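**Q** Coordinates only, no sequence provided:
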């Protein structure tokens with residue numbers, strides 16, 4: 001008896017928080033252009049690079065079924081959700097390779113800068129062909145990749161943009177109202193994701209002693225305040241310019257700002273960012289003032 005060859009597949013993983021028509025276009029384009037037998041949509045229980053999700057794992061799985069089940073030869077697989085923990089991509093690839101020949105791994109261009117940090121990257125790089133989805137604000141830095149294809153799309157919108165702008169017309173009508181309901185309770189999670197992005201931007205450019213203050217319940221002009229040290233006046237200016245560019249790429253913008261060699265402040269509305277040389281930070285003791293506000297709000301809540 002001749003063994004039948006295993007189906008050749010591509011894997012498209014992610015939080016799908018929520019899934020939307022942009023994801024549909026990726027799946028349809030992959031089916032048309034990759035020469036595969038099937039495509040696996042694999043919603044994560046929790047991404048290794050995230051601390052939370054907008055919706056529950058089961059809700060996101062149901063959304064994926066709603067959005068993708070009607071597309072021929074596309075399989076929504078609950079392997080990672082059934083594991084009920086954060087699963088590395090390499091573990092999922094090894095799992096699916098027992099059933100299929102997993103040839104392609106679909107990732108967004110925003111992942112390229114961190115791919116080498118993925119668990120078992122070298123093994124993955126030798127095992128799969130990367131399929132890159134371009135994003136307007138991300139360079140296609142593919143130097144580390146053994147083999148890749150670029151899948152051009154005309155739909156660059158992301159789930160985070162949908163959550164931030166609440167542009168729910170772009171989400172499939174069958175799940176739109178469900179997303180609206182969940183959004184009402186998760187504005188704090190969205191701000192935490194923005195803070196994570198801001199901290200990373202500062203850290204990438206060697207800012208020091210980065211602190212974040214949660215002033216959600218305090219009588220203050222912002223919900224979060226980020227304070228960071230620069231190395232010197234020149235570094236303050238460089239950090240500020242890098243920060244301005246970085247938050248724009250994340251979908252944020254400076255509503256107001258003030259800058260000198262010693263101290264720069266950026267106002268994002270609900271987030272204030274202070275970058276200053278150590279001497280100024282010590283002189284003005286801004287974190288002491290903010291710490292007292294946080295302590296007062298905790299005492300009032302008790």
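**A** Received, thanks. Predicted model only: the values in this text are computed from it and were never measured.

**Q** Disregarding residues adjacent in the polypeptide, which is nearest to residue 263?
**A** Closest residue to residue 263 apart from its sequence neighbours, by C-beta to C-beta, 6 or more residues apart in numbering: residue 276 at 4.3 Å. In this view, the C-beta of every residue, glycine as well, is placed from N, C-alpha and C.

**Q** and what of residue 80?
**A** Distances taken as C-beta to C-beta, 6+ apart place residue 87 nearest to residue 80, at 4.5 Å, with adjacent residues excluded.

**Q** Equivalent analysis for residue 150, please.
**A** Once flanking residues are discounted, residue 150 sits nearest to residue 132: 5.0 Å by C-beta to C-beta, 6+ apart.

**Q** Mind jotting down where the helices sit in the protein?
**A** All helices of the chain, identified by DSSP state H, fall at 21-33, 57-68, 79-83, 89-96, 121-127, 159-165, 173-183, 187-204, 233-249, 278-284, 286-301.

**Q** Going by mean pLDDT, which of these comes out lowest?
**A** Note on the helices of the chain: lowest mean pLDDT is at helix 159-165, with a mean of 50.

**Q** quick one on the thing from earlier: was I right about the residue nearest to residue 80 contacting residue 57?
**A** No: using C-beta atoms under 8 Å, residue 87 is not in contact with residue 57, being 11.5 Å away.

**Q** Overlap in contacts, those two.
**A** Counting by C-beta atoms under 8 Å, 6 or more residues apart in numbering, the common neighbours of residue 87 and residue 57 are residue 45.

**Q** More neighbours: which of those two?
**A** Neighbour count, other C-beta atoms under 10 Å: between residue 87 and residue 57, residue 87 has more, with 22 against 19.

**Q** OK, contacts around that one?
**A** 44, 45, 48, 79, 80.

**Q** Give me the below-cutoff pLDDT ranges for the stretch 1-150 of the chain.
**A** Filtered on pLDDT under 70, the stretch 1-150 of the chain yields the residue ranges 1-3, 48-54, 137.
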